[in-house]
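In: here is the input, now give the coordinates:
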Amino acid sequence: MEIQQGYSYHIKDEFFDLVQDKYLMSNKEQGNYRPHYYAIQDRKNPKLYWMIPISSQAEKYKEIVEKKKKRYGKCNTIVIGLFAGKENAFLIQNTFPVIEKYFDHVHTIQEQPVTIHKKLDKVLVENLNEVLAMYNRGIKLTFTGIKAIRNIMEEELGK
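Out: Numbering: from 1, shown residues only. Modelled structure (predicted):
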């Protein structure tokens, strides 16, 4: 499968079974696939992709964004944007790295892949890179165990 930025994907169960991170978005919900994840290719390792969960609970997250903006002056861990014609929350705070082996399929509606607008993609890439740079400086803005998950994925690549 060719992984392309601008699309969202579903991740295989095997990834979640392998990684066992309690902060990853929950397993299947009401018999459907997990949340959709927006994929951004890693700048240093092109075989690694950063997955950003997409939540339809935009109103819930708008309140959190506003609280963070009041407290810190900005919010780069949650982005509200259009996905499939509706407002959604892109949860950079729950990002995690994954390799191609664990992609299940591209998210579609009526058999057509759902794309994300280039302007939203730019904001997501900028915010993700900022959050990851802060993480690398010891400022943890994410819930997931990025380092441990990355180690597992790099180990998988080495096999």
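In: quick check on the residue nearest to V65 when sequence neighbours are not counted: phi, psi?
Out: Counting by C-beta to C-beta, 6 or more residues apart in numbering, V65 lies nearest to C75, which is 4.7 Å off, once chain neighbours are set aside. Bear in mind the C-beta positions are built from the backbone N, C-alpha and C, glycine included. With angles defined as degrees, to the nearest 10, C75 sits at phi -140, psi 110.
In: what's near enough to touch C75?
Out: By C-beta atoms under 8 Å, 6 or more residues apart in numbering, the contact set of C75 is 64-65, 68-69.
In: in a markdown table: the residues you listed, plus distance to L82, secondary structure and pLDDT.
Out: Shown next, in a markdown table, are these (distance: C-beta to C-beta, whole Å; DSSP: H, G, I helix; E, B strand; the rest coil; pLDDT from 0 to 100):
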| residue | distance to L82 | secondary structure | pLDDT |
| --- | --- | --- | --- |
| I64 | 19 | helix | 95 |
| V65 | 15 | helix | 95 |
| K68 | 21 | helix | 93 |
| K69 | 20 | helix | 94 |
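In: of the residues you listed, buried ones?
Out: Taking 16 or more other C-beta atoms under 10 Å as the criterion, what is buried in the contacts of C75 is 65, 68.
In: just the contacts of C75 now: which is nearest D121?
Out: Proximity of the contacts of C75 to D121 (C-beta to C-beta) peaks at V65, which lies at 18.7 Å.
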